[in-house]
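Enquirer: Build me a structure from this.
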Amino acid sequence: MTRVLLLDTFSIFFRAFYALPPMTTAAGQPTSALYGLSVMLLKLLREEQPLGLTFALDGPQQTFRHVQNPDYKAQRAAVPDPLAQQLRVLPRVIGAFGVPCFAVPGFEADDVLATIAVELAALGKPVRIVTGDRDLFQIVRERIDVMFVGARARGRKPVIYDRQAVERRYGLRPDQLPSRTALAGDVTDNLPKVAGLGERGAEALIRSFGDVQSMLSQLSTVTPTRLREALERATDQIRSTESLARLRLDVPLPEGPRYAAVDPSRLPALRELFLELEFKSLVPRLDGILAMAE
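Expert: As a prediction, the model looks like this:
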């Protein structure tokens, strides 16, 4: 099945930086994240032969989540300088593909991806989100799956998560995952858990009640007493965390196409960029993709 690929750009880019050993050009310019992203993009074009691509980025501004909770992702370290240098080159790589790239102030790339995915699926377009972020599992549904590239071990293949795969992993429907986060927390995003409650306990509660709103409306039925009291004490936190964990499907996107096929006539510019960055091993791969398009 030919799909539209929606790319969680920073997720792939940052993970490449931390997964690969340091790389530099002869002049000393860091390149490992750019290289890892480029390898992934060429692999996707060759193996997926997508209907089209879209890039999504986080904007530099605060999001509604940071406004709601200043502690959201507050534990994350500053971007190291070798990665910051590569971020300045990233727009050139993206631009060489000639496809849409969205960054909407006040929202995260995940929200942008979720909005576009649901919109395209409603139009009958099959969509695959490429990401290293499990938050996007909640968007999985008919015509939408996730290619998870989060494993940092080299040689590990990406894993495709459709609805059945999500349910096998968590014992929950994709749309129930924000409720799971509301109880179990998320260390990556600095979202707190309910004291004394682990992931398996959180999943059992969601399976029993359906979601946290139903659970909170029926707290008197929760046993044992110790668990019920912990949930009662954390009621406001649970509601807040669930709202932070749930992706938005109403991001105000600009007018224009949501995706585009890669124009082969633009790829020679990418070839020149690869030569500039000394990605000599990628040039034959790109040439192979150009040959396929002829």
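Enquirer: rest of the way, CA atoms for contacts and neighbours
Expert: Will do.
Enquirer: now the helices for the protein?
Expert: Along the chain, counting by DSSP state H, helices occupy 9-19, 32-48, 64-68, 81-87, 90-97, 109-122, 163-170, 177-184, 199-209, 212-217, 225-233, 235-245, 267-276, 282-293.
Enquirer: Out of these, which is closest to residue 251?
Expert: helix 109-122 (6.1 Å; CA to CA).
Enquirer: ok, residues contacting that closest one?
Expert: With CA atoms under 8 Å, 6 or more residues apart in numbering as the contact definition, helix 109-122 has outside contacts at 6-8, 56-59, 102-104, 126-127, 129, 135-136, 139, 142-144, 247-251, 253, 258.
Enquirer: Tell me the buried residues in that helix?
Expert: 109-118, 120-121 (16 or more other CA atoms under 10 Å).
Enquirer: what's the closest of the helices of the chain to residue 25?
Expert: With CA to CA as the yardstick, what comes closest out of the helices of the chain is helix 267-276 (8.7 Å).
Enquirer: who's in contact with that closest one?
Expert: 93, 96-97, 280, 282-283, 286, 290.
Enquirer: So what pairs up with residue 5 in the strands?
Expert: Applying DSSP bridges to residue 5 gives these bridge partners: residue 53, residue 128.
Enquirer: Quick one: neighbours of it, just the number.
Expert: 26 (other CA atoms under 10 Å).
Enquirer: Please apply the same query to residue 256.
Expert: Based on other CA under 10 Å, the number of other residues close to residue 256 is 7.
Enquirer: same thing with residue 199?
Expert: Look at residue 199: counted by other CA under 10 Å, it has 15 neighbours.
Enquirer: Now do the same contact list for it.
Expert: Contacts of residue 199 by CA under 8 Å, 6+ apart are 180, 183-184.
Enquirer: before we move on, what about residue 177?
Expert: By CA under 8 Å, 6+ apart, the neighbours of residue 177 are 137-138.
Enquirer: where does it land on pLDDT?
Expert: In this model, residue 177 is scored at 98, pLDDT.
Enquirer: likewise residue 74?
Expert: Reported pLDDT for residue 74: 83.
Enquirer: One more: residue 43?
Expert: pLDDT, residue 43: 94.
Enquirer: Could you list the low-pLDDT ranges of the chain?
Expert: Scanning the chain with the threshold set as pLDDT under 70 gives 1, 151-155, 293-294.
Enquirer: Could you export the buried residues of helix 109-122 as a markdown table, including distance to residue 170?
Expert: A markdown table is the format used below for these (distance: CA to CA, whole Å):
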| residue | distance to residue 170 |
| --- | --- |
| 109 | 24 |
| 110 | 20 |
| 111 | 22 |
| 112 | 25 |
| 113 | 22 |
| 114 | 20 |
| 115 | 23 |
| 116 | 25 |
| 117 | 22 |
| 118 | 22 |
| 120 | 26 |
| 121 | 24 |
